[in-house]
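*Asks:* only the shape, not the letters, is given here:
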């Protein structure tokens, strides 16, 4: 996949490096020449540019970009300005970093596709969610092993957990299943509530919107996520 990341700070730079390492093409943009030079070896392409300059930004290959990520963290005004600009340019998918709760509300009003908070969302977790099919979340335990939350593939719906043979086929351990259901909040807004079923049982029947919580080697987890499209 092809990404543009705007802002090569403590969040944007590691994300760009992770996405590049996973085989994606990444354009990293920052107005600091030192940052652009510092990360040029580990990110596919780095460009020094004022991202608030609409004329210059329109010169980038946006039609070829799958996901644009506004990772600016130090300048809230620039973050909002760039996000609004990209929204108006109708990029394929727009993700923006929220600096604080008020900023998050502004981003929601702009209508971005997804909002991330670096305090809760590490570059490692976000890179996996972006690159692996239907990955809901991930928790890296060390360099080799992780816990991955993966939406149940449609071909598995109605089958029991035991019939999947994930241990034999992928060398993965199913820890539990998370059930998702829509409920009404006190203000009448529909929200998704998650319920953890407990320790996994082979007799459980998988349902639509279930999430599998898997433990295993990172390579095995990646193989499963790519296999089950």
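*Replies:* Alright, I've got the coordinates. Since this is a predicted model, take the numbers as computed values, not measurements.
*Asks:* when you work out contacts or count neighbours from here on, use the C-alpha atoms and nothing else.
*Replies:* Noted.
*Asks:* just give the closest residue to the spatially most distant residue from the centre of the chain, not the sequence neighbours.
*Replies:* What lies farthest from the middle of the chain is residue 203; by C-alpha atoms, centre = their mean that is 31.5 Å. Closest residue to residue 203 apart from its sequence neighbours, by C-alpha to C-alpha, 6 or more residues apart in numbering: residue 160 at 5.6 Å.
*Asks:* next, count neighbours for that neighbour.
*Replies:* 16 (other C-alpha atoms under 10 Å).
*Asks:* which residues does it bridge with?
*Replies:* residue 205 (DSSP bridges).
*Asks:* how much space between the residue farthest from the centre of the chain and residue 170?
*Replies:* 19 Å (C-alpha to C-alpha, to the nearest Å).
*Asks:* same check, this time on residue 3
*Replies:* 29 Å.
*Asks:* how about residue 207?
*Replies:* 21 Å.
*Asks:* phi, psi of residue 87?
*Replies:* Per-residue torsions, residue 87: phi -60, psi -40 (degrees, to the nearest 10).
*Asks:* now it: how far from residue 81?
*Replies:* Counting by C-alpha to C-alpha - residue 87 and residue 81 are separated by 10 Å.
*Asks:* now residue 103
*Replies:* 12 Å.
*Asks:* and what of residue 36?
*Replies:* 21 Å.
*Asks:* these two: who's more crowded?
*Replies:* Legend: neighbour count by other C-alpha under 10 Å for residue 36 and residue 81, higher for residue 36 (22 against 15).
*Asks:* wasn't the more buried one part of a helix?
*Replies:* Yes - per DSSP: H, G, I helix; E, B strand; the rest coil, residue 36 lies within a helix segment.
*Asks:* contacts only, for it.
*Replies:* Residue 36 makes contacts with 8, 28-30, 46-48, as judged by C-alpha atoms under 8 Å, 6 or more residues apart in numbering.
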